[in-house]
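J.: sequence first, then the predicted structure, then my questions.
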Amino acid sequence: MKENDITGALIDIFIKVHSRLGPGLLESIYEEVVCYELKKRNLSFKRQEGIEVFYDDNKMDIGFRADIIVEDKVIVEIKSVEALAPVHHKQLLTYLKLTDKKVGLLVNFNVNLVKDGIVRIVNNY
């Protein structure tokens, strides 16, 4: 499955989840339900996957975690905040660079229309 196909499926899932649950819940709830929907669609994923950071060829023991990595190609960062901040975009881009992935989706479920809360971030794509 290609990145664009995966992001299309994810956007469908985000819309479905948001229409059923609405805004204002904890990020962990949205993450759980998104993963449930991924399972139903037989998409492979890793949840709360640790991201390695190397500095001067030394692995740092740092607790960076990606919310969800789908099909080992797309990173999903889930938020439930008043508004996405520039740091959220930078965080996802850094995760993409550290993992050498090309595409990530940043989704804020705390909006009236979830389509307004989805940002696609690319890393040299």
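T.: Thanks, I have the structure now. Residues are numbered from 1 along each chain as shown.
J.: okay, CA-based contacts and neighbour counts for the rest of this
T.: Noted.
J.: now the helices: where do they sit in the protein?
T.: For the chain, the helices defined by DSSP state H occupy 3-21, 27-40, 86-99.
J.: who's in contact with the longest one?
T.: Among residues not part of helix 3-21, those counted as contacts by Cα atoms under 8 Å, 6 or more residues apart in numbering are 30, 33-34, 37-38, 70-71, 73-74, 103, 105, 109, 114-115.
J.: 6 Å instead, please
T.: Outside helix 3-21, not one residue touches it by Cα atoms under 6 Å, 6 or more residues apart in numbering.
J.: still on that earlier bit, could you dump the helices of the chain into TSV with mean neighbour count added?
T.: Formatted as TSV, the helices of the chain follow (neighbours: other Cα atoms under 10 Å):
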stretch	mean neighbour count
helix 3-21	16
helix 27-40	16
helix 86-99	16
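J.: these into JSON lines, with extra columns for distance to Asn58 and mean pLDDT?
T.: Output for the helices of the chain, formatted as JSON lines (distance: least, Cα to Cα, whole Å; pLDDT from 0 to 100):
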{"stretch": "helix 3-21", "distance to Asn58": "30", "mean pLDDT": "97"}
{"stretch": "helix 27-40", "distance to Asn58": "31", "mean pLDDT": "98"}
{"stretch": "helix 86-99", "distance to Asn58": "14", "mean pLDDT": "93"}
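J.: against Val122, how distant is the most far-flung residue of the chain relative to its centre?
T.: Centroid-distance maximum for the chain: Asp56 at 28.1 Å, with Cα atoms, centre = their mean. Applying Cα to Cα, to the nearest Å, the value for Asp56 to Val122 is 26 Å.
J.: so which residue is dead centre in the protein?
T.: Centre-nearest of the chain using Cα atoms, centre = their mean is Val76, 1.0 Å out.
J.: quick one: that residue and Leu105 touch, right?
T.: Yes - applying Cα atoms under 6 Å, one finds Val76 in contact with Leu105, separated by 4.9 Å.
J.: list the contacts of Asp116.
T.: By Cα under 6 Å, 6+ apart, Asp116 has no neighbours at all.
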